[in-house]
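Q: Please work out how this folds:
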Amino acid sequence: MVGPSRPQFVLFGSSIVQYSFSNGGWGAILADLYSRKADILLRGYAGWNSRRAVKVLEQVFPKDATIQPSLVIVYFGGNDSMRPNPLGLGPHVPLSEYVENMRKIATHLQSLSEKTRIIFLSAPPVNEEQIREHLRTSGIIGELNRTNKLCKIYSDACLELCREMDIKAVDLFTSIQKRKNWETTCFTDGVHFSSEGSKIVAEEILQVLKEANWESSLHWTSLATEFGEDSPYDPVGIDGKTMNVSEDGVARLLQWGISNGY
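A: Modelled structure (predicted):
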């Protein structure tokens with residue numbers, strides 16, 4: 001591990017997490033904004049459901065680790081909510097098992113450290129027509145295996161669990177649909193986020209971090225900038241004085257097209 005030691009933010013989930021550094025993704029937005037403040041660690045596994053996630057909890061988040069994460073952002077649900085395969089194969093997980101799996105994930109993360117904070121992301125909506133077109137193009141004919149009706153059921157179940165366990169949550173199913181023309185602007189393939197969709201995810205996460213009444217705030221404006229002190233080696237302005245450029249968070253937000261209110 002390189003130093004100095006920074007807070008660790010871990011993104012844990014399926015492809016919505018694995019691909020979060022692609023296409024102007026929400027993981028990349030957070031990593032850029034928190035540069036010199038926190039390390040954003042990616043633990044995303046495309047195609048996974050909550051059942052597989054539970055099996056690797058001890059490997060991804062060992063309880064005896066010297067340094068425990070300050071924040072874990074968790075996303076599972078979209079794959080779990082897919083229609084069951086007649087052969088019993090595939091990613092579908094029954095709703096009751098999904099809830100218990102998410103409970104196990106939350107309980108394990110809570111046991112890591114008193115200072116480890118958690119945010120769950122609920123299942124977002126999908127563009128059903130875009131998925132159908134993709135299936136047609138691929139020569140696949142059959143019943144649509146992802147629907148907004150199923151996504152909402154699993155999203156609601158995740159949010160209810162978060163209320164029960166007092167865990168911070170982002171209601172992606174609702175927040176994505178607030179965007180004008182969300183079906184055509186928020187996805188690359190009907191399921192995974194475009195840059196526009198990722199902006200919404202990042203904004204919602206930042207809003208939670210801003211409003212959370214945690215003992216130590218994890219909002220980007222509250223964390224110290226590494227080696228942020230003034231230096232005679234800083235760039236020199238036209239007035240002949242040095243300019244400390246270490247605090248450029250607002251510029252980063254504007255670069256991603258996100259309101260600087262975050």
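Q: any idea whether L42 is helix, strand or coil?
A: Under DSSP: H, G, I helix; E, B strand; the rest coil, L42 falls in the strand class.
Q: Could you report the pLDDT at it?
A: Each residue has a pLDDT score; the one for L42 is 98.
Q: Nearest spatial neighbour of it, chain-adjacent residues omitted?
A: Counting by C-beta to C-beta, 6 or more residues apart in numbering, L11 is the residue found nearest to L42 once chain neighbours are left out, at 5.4 Å. Backbone N, C-alpha and C define where each C-beta goes, glycine included.
Q: what's around that neighbour, how many residues?
A: Per other C-beta atoms under 10 Å, the neighbour tally for L11 reads 26.
Q: and it, backbone torsions?
A: phi -100, psi 120 (degrees, to the nearest 10).
Q: Quick check: bridge partners of it?
A: With beta bridges defined as DSSP bridges, L11 has these partners: L42, I73.
Q: quick one: contacts for it?
A: Each residue near L11 by C-beta atoms under 8 Å, 6 or more residues apart in numbering is listed here: 17, 20, 27, 30, 40-44, 73, 75.
Q: Mind doing that once more with 7 Å?
A: Going by C-beta atoms under 7 Å, 6 or more residues apart in numbering, L11 touches 17, 20, 27, 40, 42-44, 73.
Q: So among these, which ones count as buried?
A: By neighbour count, with 16 or more other C-beta atoms under 10 Å, the contacts of L11 hold 17, 20, 27, 40, 42-44, 73 as buried.
Q: Pick the one among the residues you listed closest to S198.
A: Here the nearest of those to S198, counting by C-beta to C-beta, is S20; it sits at 7.1 Å.
Q: ok, so what distance separates that closest one from T116?
A: As defined by C-beta to C-beta, to the nearest Å, S20 lies at a distance of 20 Å from T116.
Q: same deal with H219?
A: In this view, H219 and T116 are 17 Å apart by C-beta to C-beta.
Q: Identify each buried residue in stretch 173-190, please.
A: 173, 175-176, 182-183, 186-187, 190.
Q: can you give me the strands in this protein?
A: Secondary structure of the chain (DSSP state E): strands at 8-13, 39-44, 71-75, 117-121, 168-170.
Q: packing partners for the second one?
A: Spelled out, it's strand 39-44. Judged by 3 or more C-beta pairs under 7 Å, 6 or more residues apart in numbering; DSSP states H and E, the packing partners of strand 39-44 are strand 8-13, helix 15-18, helix 26-33.
Q: ok, and what's touching that strand?
A: 6, 8-15, 17-18, 20-21, 27, 30-31, 34, 60.
Q: what's the answer for the shortest one, then?
A: Applying C-beta under 7 Å, 6+ apart, the set of residues contacting strand 168-170 from outside is 118-122, 158-159, 162, 204-205, 208, 212.
Q: out of those, which are buried?
A: Counted by 16+ other C-beta under 10 Å, the contacts of strand 168-170 give 118-122, 158-159, 162, 204-205, 208 as buried.
Q: Share the number of residues neighbouring K152, please.
A: As a burial measure, K152 scores 16 neighbours (other C-beta under 10 Å).
Q: just checking, A38 touches P4?
A: No. Under the criterion of C-beta atoms under 7 Å, A38 is not in contact with P4, lying 11.9 Å apart.
Q: neighbour count winner among these two?
A: Legend: neighbour count by other C-beta under 10 Å for A38 and P4, higher for A38 (21 against 6).
Q: How much space separates the residue nearest to the more buried one when sequence neighbours are not counted from V72?
A: Among residues not flanking A38 along the chain, P7 sits closest, at 4.3 Å (C-beta to C-beta, 6+ apart). According to C-beta to C-beta, P7 and V72 sit 12 Å apart.
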